[in-house]
Structures are given as structure tokens and as C-alpha cells.
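Asker: Output the structure for:
(one chain, ligands or ions: 3)
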Amino acid sequence: MPHHTVTGLILKKYSGFYYVQDSTGRIFECKLRGKAQKQLILTGDKAIVTPLDEDHAILEGIAERRNQLNRPRIANVDAVLLVMANDCPVPVPSLLDRLLVLTLHGGLAPLIILNKCDLEASEKARQIMSVYPELGIPVINTSAKQRCGLDELLKSIAGKIAVFAGPSGTGKSTLLNNLAKDLSIKTQEVSNKIGRGRHTTRHVELYPLPGGGWIADTPGFSTLDLPEDLVSRQLAAYYPEFAPHQDICRFSDCLHYREKECGVKDALQSGTVSHLRYQNYVAILEEVMRNERCCR
Ligand SMILES: Nc1nc2c(ncn2[C@@H]2O[C@H](COP(=O)(O)OP(=O)(O)OP(=O)(O)O)[C@@H](O)[C@H]2O)c(=O)[nH]1
Ligand SMILES: [Mg+2]
Ligand SMILES: [Zn+2]
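Answerer: Ligands and ions are numbered 1, 2, ... in the order given. Presented below is the predicted three-dimensional model:
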């Protein structure tokens with residue numbers, strides 16, 4: 001007798017098991033059917049499973065993926081939450097711009113979270129507030145500590161798959177703990193380990209949000225590789241504020257770098273384009289050009 005299959009979302013992979021949540025909220029611990037399936041299955045993939053009982057199922061396969069992030073490894077992401085802190089640590093705008101380039105290059109929607117708004121804003125945090133919202137990149141102020149701004153954040157990611165990214169110590173895990181609805185899976189998993197008190201993010205896991213949607217944590221980082229397939233000509237496209245000035249550039253393939261008669265550099269002189277953003281653009285551009293020269 002053929003069993004009926006159901007579809008669900010892969011919340012995590014753990015010790016050879018896949019945890020799949022169906023539309024009614026049931027979570028199945030799944031084993032992959034046979035050894036035939038060699039394809040990489042990721043957290044965030046839409047799975048087709050055959051339930052065996054209330055809690056167990058066989059993972060038959062996955063549906064086509066909309067997109068895939070490599071850090072963390074997760075599929076079908078709708079929003080990347082770039083978390084910076086008002087202070088402690090002070091935001092690093094060059095890292096933020098690299099994250100933005102990476103996010104936009106992946107075709108994903110970025111959202112900046114400026115956490116720790118209970119602390120006085122550092123100079124760099126004020127810069128972020130003055131530059132990015134004008135570019136159409138939303139900035140949400142939060143305090144995980146005082147539980148401020150969390151409703152606005154929840155509203156902007158409702159029904160979506162969102163993932164945190166950003167430097168260490170900015171409060172990603174604290175935000176997650178304050179946002180996620182049901183941390184039973186997480187608690188369970190910590191106790192399985194060698195009794196470590198702190199939750200260490202070694203695998204990618206989606207946590208359900210109140211009001212629908214899921215969120216994943218990522219360990220922080222201080223450096224970030226650029227996408228391997230990013231070419232110098234593409235980069236300006238990830239700087240939306242350059243667009244209105246490019247028509248004035250003398251060369252249609254202007255990189256807004258060493259060229260003369262460049263509309264973007266004119267806009268920089270007149271203050272329409274921010275120096276901070278342009279500096280970061282040039283730094284990334286030079287790195288991409290170096291890679292193009294030596295590695296391609
Ligand atoms: N003042 C203040 N401190 C906060 C806030 N959110 C988090 N913290 C503190 O900041 C420190 C780092 O928080 P985490 O949540 O571990 O930071 P993280 O981004 O997950 O760091 P990594 O996992 O290393 O990437 C902890 O001591 C938190 O208590 C906040 O809104 N305000
Ligand atoms: Mg963390
Ligand atoms: Zn130009």
C-alpha cells in the first residue's frame with residue numbers, strides 16, 4: 001500500500017537526521033531514503049517526506065531551490081539581517097558594505113539591524129543611520145537587552161526565512177533568543193552535547209517566529225570573502241546611489257575609479273554620494289580587480 005507524502009521545511013540537519021516541519025507544525029525526524037540520493041540537502045530546503053508515525057518520516061527528496069547561501073549554508077532565504085551594534089563593538093562600515101555586496105549579489109534582500117540601541121550611538125553607528133535608509137536599505141534599531149524594536153523586526157520578516165549575519169558580539173544570538181517562539185529544539189540539543197553552557201552555533205538551524213516565518217543564527221566573523229564570481233563591472237550595480245549619476249560618465253563601462261569625466265565622482269565632490277560608501281566601493285573594486293588579474 002503506497003504511503004501518502006507530505007511536504008515540509010527542513011529546519012536542521014543533525015547527526016544524519018533531517019528535522020522537517022510540515023504545514024500543521026508537526027516536526028518529523030527523518031532519514032534519507034536509501035543511498036541513492038547524493039544531492040546536497042540543506043536547511044531551508046522544501047522536503048517531500050513519507051510519515052512513518054507521529055514523529056518519524058522518510059525523506060524522499062527536495063523541491064527546486066530558489067537560492068542558496070554559503071555562509072551559513074542555507075537554502076531559500078528571503079531576508080538577510082545584517083546585525084551591527086550601536087557600540088561595543090563599534091560598527092565596521094567596510095564589513096557592512098561587503099556584506100551588502102554579498103547579499104545583493106546573491107539576489108537577496110538586505111536589512112540592517114542596529115542593535116544595542118540602549119547604548120549611546122558611536123560615530124560609526126550614526127553614519128550608518130544617516131547613509132543607508134536613504135539608499136532604500138532599511139535600518140531597524142533594536143535592543144535585545146531592553147526588548148526594543150523587536151516587533152518592528154518581526155513584522156519585517158513575518159512569514160519569511162531570515163538569517164542573521166554580522167560581526168561577533170553584536171547580539172545576533174541574544175536577538176534570536178528574544179525573537180524565536182520555541183527554543184525547545186535548541187535546549188534539547190545543548191543538553192545532548194558535552195554540557196556546554198553556551199549555545200555554540202555549529203550547524204544551521206531554523207527557529208520558528210511568532211507570527212510566522214523562521215530565523216537562523218550564524219557565528220560572527222570579522223573578515224568575509226567576496227563572491228568568487230563577482231566581476232569588477234558588476235560592482236557598481238550594488239551601489240544604488242551611483243545609478244542616477246552614471247549617465248554623465250563619459251565611458252559607458254566606467255568603473256568610477258581612475259576614469260575622467262565620471263558622474264559618480266562628480267557626485268562625490270558635490271556630496272550627493274557619501275565618501276564612506278565610495279571609499280568602500282574602491283576598496284572592494286581594487287580587491288576584485290586584483291583577483292581578476294591573478295586568479296582568472
Ligand atoms: N547593551 C546591550 N548588550 C547586548 C544587547 N544584545 C546583546 N548584548 C550583549 O552582547 C554580547 C554578545 O551577544 P551575542 O548575542 O552573543 O552576540 P553574537 O552576535 O551572537 O556574537 P557571536 O555569536 O560571537 O557572533 C552579550 O554579552 C550580550 O549580552 C543589547 O541590545 N544591548
Ligand atoms: Mg552568536
Ligand atoms: Zn563613472
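Asker: The residue of the stretch 151-296 of the chain found nearest ligand 1 - nearest residue in space that isn't next to it in sequence?
Answerer: Residue nearest to ligand 1 within the stretch 151-296 of the chain: Gly220 (2.3 Å; C-beta to the nearest ligand atom). (Each C-beta comes from the backbone N, C-alpha and C, glycine too.) With C-beta to C-beta, 6 or more residues apart in numbering as the criterion, Gly220 has its nearest non-adjacent residue at 3.0 Å, and that residue is Ser168.
Asker: what about the residue nearest to Gly136 when sequence neighbours are not counted, neighbour count?
Answerer: Among residues not flanking Gly136 along the chain, Pro240 sits closest, at 6.3 Å (C-beta to C-beta, 6+ apart). Neighbourhood size, Pro240 [other C-beta atoms under 10 Å]: 13.
Asker: How much space separates Pro240 from Thr43?
Answerer: According to C-beta to C-beta, to the nearest Å, Pro240 stands 30 Å off from Thr43.
Asker: now do Arg65
Answerer: Using C-beta to C-beta, we find Arg65 at a distance of 12 Å from Thr43.
Asker: neighbour count winner among these two?
Answerer: Between Arg65 and Thr43, counting by other C-beta under 10 Å, Thr43 is the more crowded of the two (25 against 14).
Asker: my guess is that one contacts Lys12, does it?
Answerer: Yes. Because the distance of 5.5 Å satisfies C-beta atoms under 8 Å, Thr43 is recorded as touching Lys12.
Asker: which residues are in contact with both of those two?
Answerer: The contact sets of Thr43 and Lys12 overlap at 203-206 (C-beta atoms under 8 Å, 6 or more residues apart in numbering).
Asker: Which among those count as buried?
Answerer: 204-206 (16 or more other C-beta atoms under 10 Å).
Asker: mind putting these in CSV, secondary structure, distance to Glu54 and pLDDT included?
Answerer: Converted to CSV, these look like this (DSSP: H, G, I helix; E, B strand; the rest coil; distance: C-beta to C-beta, whole Å; pLDDT from 0 to 100):
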residue, secondary structure, distance to Glu54, pLDDT
Val204, coil, 25, 88
Glu205, strand, 21, 91
Leu206, strand, 21, 94
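Asker: from the residues you listed, which is closest to His256?
Answerer: Val204 (36.6 Å; C-beta to C-beta).
Asker: Now for that closest one: which residues touch it?
Answerer: Counting by C-beta under 8 Å, 6+ apart, the residues that Val204 touches are 12-13, 42-44, 72-74, 216, 218.
Asker: Repeat that for Asp55.
Answerer: Contact analysis of Asp55 by C-beta under 8 Å, 6+ apart lists 27-29.
Asker: Quick check on those: which are buried?
Answerer: 27-28.
Asker: Now go through the contacts of Asp55 and say which are in helices.
Answerer: Among the contacts of Asp55, DSSP state H puts none in helices.
Asker: got a list of what the spatially most central residue of the chain touches?
Answerer: Central residue of the chain (C-alpha atoms, centre = their mean): Val80, 3.0 Å from the mean position. Contact analysis of Val80 by C-beta under 8 Å, 6+ apart lists 69, 99, 103, 108-111, 162-163, 165.
Asker: what residues are up against the residue of the stretch 151-296 of the chain closest to ligand 1?
Answerer: 166-170, 172.
Asker: which one among the residues you listed gets closest to ligand 2?
Answerer: Distance to ligand 2 across the contacts of Gly220 (C-beta to the ion) is lowest for Lys172, with 4.9 Å.
Asker: The residue nearest to Gly220 should be in a strand, yeah?
Answerer: No. Looking at Ser168 with DSSP: H, G, I helix; E, B strand; the rest coil, it is coil, so not inside a strand.
Asker: Give the bridge partners for Ile58, please.
Answerer: Lys31, Thr50 (DSSP bridges).
Asker: From what I see, it and Cys30 are in contact.
Answerer: Yes. With contact defined as C-beta under 8 Å, Ile58 reaches Cys30; the gap is 6.4 Å.
Asker: Show me the common contact partners of these two, please.
Answerer: Val49.
Asker: neighbour count winner among those two?
Answerer: Cys30 (25 against 18).
Asker: Understood, closing this out.
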